[in-house]
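[1] Build me a structure from this.
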Amino acid sequence: MGIHRNMGEPPHRRASGPASKVRAVAAALTVGLVGAVTAVVSSPTSAAAGDSMVFQVDGETVQTFTVLPNMQSLQFQAAGGGGGPSGGYTISGGSWGALVTGTLALEPGDELLISVGAAGEPASGWDDASNPHPPLGGWGGLGASGGNGAWDSLEERTSGAGGGATTIQLVRGGVTTTIALAGGGGGAGGSSSDPDHFGLGGNAGYEGRWTGEDGHHGTVGPLGGSGGAAAGAATSEGESGHGGTDLGGSGGGGGGGVKGGAGGGGAQGVSAGGGGGAGSSMVDSLVTGASIAPTGVDFSTNGWDYPPNGWVELVVTYKPAPTMNVAVESASILEGGSIGWVAASLPDDATGTVDFSDVTNASSPIPLGSATVSDGLAMLAQISVPVTGLGTHTIQASYSGDPAYATATATITISVSANDLALGKTVTASSSFEANGWSAQYLTQGNTQSEVGHYGFTTDPASPTQDAEAWVSVDLGGEQSVGGVILVPRSTTATDPANVDGAGYPQAFRIDVSDDGASWTTVETYTNQSGDHGARTYVFDTPATGRYVRVFVTELGPEAAGDDGYRFQLVGLQVYTDVPAAAPASLDVTVDATDAWAPLVDVAALDVYGVPTGQSFGCDVALTSSDSVDRILPAADCSSWTVELDELNPASRTFTATLTTDPSVTGTAAYEPPSAPDERAATVVAVRDARLVGDSGVVIHADVAAAATQISAAAVPLGTMRVLEGDTELVRADVQEGTATLAVENLRPGIHRLRLEYLGSAEHLPSSAEVTIQVRGADTSPPTTSLAATGGEAPVATLWLAAVVLTLGAASLGWSAVRRARVRVEGPAHD
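    Next up, the predicted model:
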């Protein structure tokens, strides 16, 4: 799949060495088929896109191609197998199979059965190959195999076999139809000892003929073999070639086809046999734009794998994707409501159906219904299309496609909000101040903050103590399932006096329900409450049922600044079947590093509207680390996360917590892992000597030794040492038995400050030293003695060529020394 080329050219085949095999070997399909499995092509994103698939010989297997719904048509090439060449006195590579092309309109559910014809075997002796058996005809589908060649102990008398036919069959609606058959080429006749006269096999598809070409006759005259007639066999299988008599060449085998080619005639005496006729080809009336020609491929074709088997190539054209839009009557609804109608628009000439579904949970889509496309519109016009569950929902329309258009999908999002059962309902209270911006009825008006002139609800008069009782109840208008409540406390705003956050919010209370407003059942009890961090959400462990909901206070909250006592005060009271999730303004991420390499991470809400500081969101929070190798292990209840750090990366990292509910909120915490102590032994580098070589080189012998107590002082460092000048590395060498020999070449005249670095090992820390080299101009007389650098201040008889100053150091160890050396001439001095 994915091979794109001109349909008028044969598919590319890689070149191979001398052909030594005489049987077709099953080739792996380029479409990725294994055995006779189905090839499936995914629809491209562009309507003009196409997929090219090449099917090759796969033993004697019928291969399968399955048509997908979005496929509109395909162009095909079907090539028959080539005929085998003669065994001697010939440079012919055999004959050509037919190349049949055409276009087929597709329908959903179609299947193609493809049989690729193999080439006929060449005669023994062709291309220096020896075959002690009669050459076998190439396999072909529907029994249209090539005819065998005739064998003789004299290789030049042996004839080639015919090629097998390639067939394509269409399975549609349970009926199988052969839509194309490409005939195989005829085998060449044996040439005997007459090199100028041998009968070539007939080419299938010759000159655009569906019957193919007759085989060529052998030596002219009564002794030569006659060529076999194209499509001259009684069946689809090509006839076998006829053997020659005396020393005459054998006739070639006929090619397979709708009608197989006749076998070539055998020759007499020393004459050449005739070639086999080609097999005939055909296409069905379902195929449009059909054509036929020879493949032009035989055993001697350059760049072609041996042997020249047939092939089938399919190039698929896809249906255009229609433009589809989806709409709903109501894109924002309350829980328990309906989105009304849902519809999809398509091109006016489109037909088929559209399935609508709620795909919010992709693994478990919820079907909403199906509608037929009419005049470009498919509408699910139900009175109610229910969508359950709070939050954002994705509604998908899936178009079935039709003969002109591909399948398509489109989506639209809708929002389902919690239904406040108390909104607008009647409120009753133990007492209520009904003036100056205060009223019990404000509780059920959807208020989220207190404002001047609209403060909310307050009891009156104030109580001198906090342990007084007070209550407020709401009539829901009918029996409801109650899953929880949200209480909105007073808060400091630009229009409400300062220092009132949580004023009057009850510290202890219970939630009661009732069917009649007289007999009450307690659902939940809460203590140690505060309202200084925004609205409070209370979700019941078990939903309750009732018409009336009451907040019964047993301990009043803090008094507001300047008030004369304690009161029960609220801005809002909301009642829900499914309580909406409260969203924090941010997340507070904290790290407990008791176990430094496996810290414990906790996430809580911070600066929250709807949730108090410290409330956990559990498994609705995802935690990640900036080091992707760290392992993040959540607790069973997602109350915290243990992060097993990547110990190979001791660098700092950031933990990021993300609230996965809508809206998404994040929080981060930076963490610095502990630095792992390095227990490797410290080392020092010392320059033992430096030997000048020529006029621009120096050989340095440097020692490295362990200088710490972590390992035995006798341990000899191993590893690598290098020489740098500035940031440029000049040379490096292995450290052997504590010493490295480093040869530096091509130093220019002047002073060079070189740095020797020991790179360390698994047991030894790195260290370094410096050496300063002064290179001067060379004496014009070539020296006859060697040079050596020696330490100390020993007398020097004669100086020449260069001076070397060695400066050693290991700054990281606080160690330094200066050592001077001179170059000494060993042997007689020159003037």
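
[2] From here on, just use CA atoms for contacts and neighbour counts.
    OK.

[3] these two touch, right, residue 187 and residue 92?
    No. Contact status for residue 187 versus residue 92: not in contact, 11.0 Å apart, counting by CA atoms under 8 Å.

[4] Just want to know which of those two has more residues nearby.
    The residue with more neighbours, out of residue 187 and residue 92, is residue 187; 54 against 19, by other CA atoms under 10 Å.

[5] Might you report the residue contacts of that one?
    83-86, 94-95, 120, 122, 149, 159-163, 200-202, 252-255, 275-277 (CA atoms under 8 Å, 6 or more residues apart in numbering).

[6] Next one: it from residue 648, what distance?
    Distance, residue 187 to residue 648, by CA to CA, to the nearest Å: 69 Å.

[7] Could you tell me how far the closest residue to residue 698 other than its chain neighbours is located from residue 700?
    Closest residue in space to residue 698, ignoring its immediate chain neighbours: residue 692 at 4.2 Å, by CA to CA, 6 or more residues apart in numbering. Applying CA to CA, the value for residue 692 to residue 700 is 9 Å.

[8] Between those two, tell me which one has more neighbours.
    Comparing residue 692 with residue 700 by other CA under 10 Å, the one with more neighbours is residue 692, at 24 against 21.

[9] wait, isn't that one in contact with residue 743?
    No. Counting by CA under 8 Å, residue 692 does not reach residue 743; the two are 9.5 Å apart.

[10] Now the common contact residues for the two.
    698-699.

[11] Strands - which of the contacts of residue 187 land there?
    Among the contacts of residue 187, no member falls in strands (DSSP state E).

[12] How about the contacts made by residue 183?
    Residue 183 is in contact with 79-81, 97-98, 163-166, 204-205, 212, 255-258, 260, 278-281, counting by CA under 8 Å, 6+ apart.

[13] okay, it: pLDDT?
    Here the pLDDT value assigned to residue 183 is 94.

[14] ok, now how distant is it from residue 313?
    Distance of residue 183 to residue 313, given as CA to CA: 16 Å.

[15] and what of residue 757?
    Distance, residue 757 to residue 313, by CA to CA: 63 Å.

[16] And the strand or helix carrying residue 624, what does it pack against?
    Per DSSP states H and E, residue 624 falls inside strand 621-625. Here strand 621-625 touches strand 631-634, strand 653-659, going by 3 or more CA pairs under 8 Å, 6 or more residues apart in numbering; DSSP states H and E.

[17] If we use 6 Å, what do you get?
    Using 3 or more CA pairs under 6 Å, 6 or more residues apart in numbering; DSSP states H and E as the contact test, the elements touching strand 621-625 are strand 653-659.

[18] Note down every partner strand of the strand it packs on and its orientation.
    In the sheet, strand 653-659 lines up against strand 621-625 (antiparallel), strand 665-671 (antiparallel) (DSSP bridges).

[19] Can you list the neighbours in contact with it?
    Here strand 653-659 makes contact (CA atoms under 6 Å, 6 or more residues apart in numbering) with 620-626, 665-671.

[20] Check the residues you listed against residue 448 and report the nearest one.
    Nearest to residue 448 among the contacts of strand 653-659: residue 665, at 20.7 Å, using CA to CA.

[21] Which residue, neighbours along the chain excluded, lies closest to that closest one?
    Nearest non-adjacent residue to residue 665, counting by CA to CA, 6+ apart: residue 659, 5.1 Å away.

[22] Would you map the strands across the stretch 301-450 of the chain?
    Secondary structure of the stretch 301-450 of the chain by DSSP state E, counting those that start in this stretch: the strands cover 311-318, 325-328, 332-334, 342-345, 353-358, 366-372, 377-380, 391-399, 408-417, 426-429.

[23] Which one of those has the poorest average confidence?
    Sorting these by mean pLDDT places strand 332-334 lowest, at a mean of 85.

[24] Now tell me what touches it from outside.
    Strand 332-334 is contacted by residues 414-419 when judged by CA under 6 Å, 6+ apart.

[25] Centre of the chain to it, how far?
    38 Å (CA atoms, centre = their mean, to the nearest Å).

[26] can you check stretch 413-433 too?
    When distances are taken as CA atoms, centre = their mean, stretch 413-433 is centred 49 Å away from the chain's centroid.

[27] Need the residues that contact it.
    For stretch 413-433, contacts defined as CA under 6 Å, 6+ apart pick out 331-335, 390-394, 441, 444-445, 458-460, 470-476, 574-576, 580.

[28] Out of these, which end up buried?
    Buried subset of the contacts of stretch 413-433 (neighbour count, 16 or more other CA atoms under 10 Å): 331-335, 390-391, 393-394, 441, 444-445, 458-460, 470-476, 574-576, 580.
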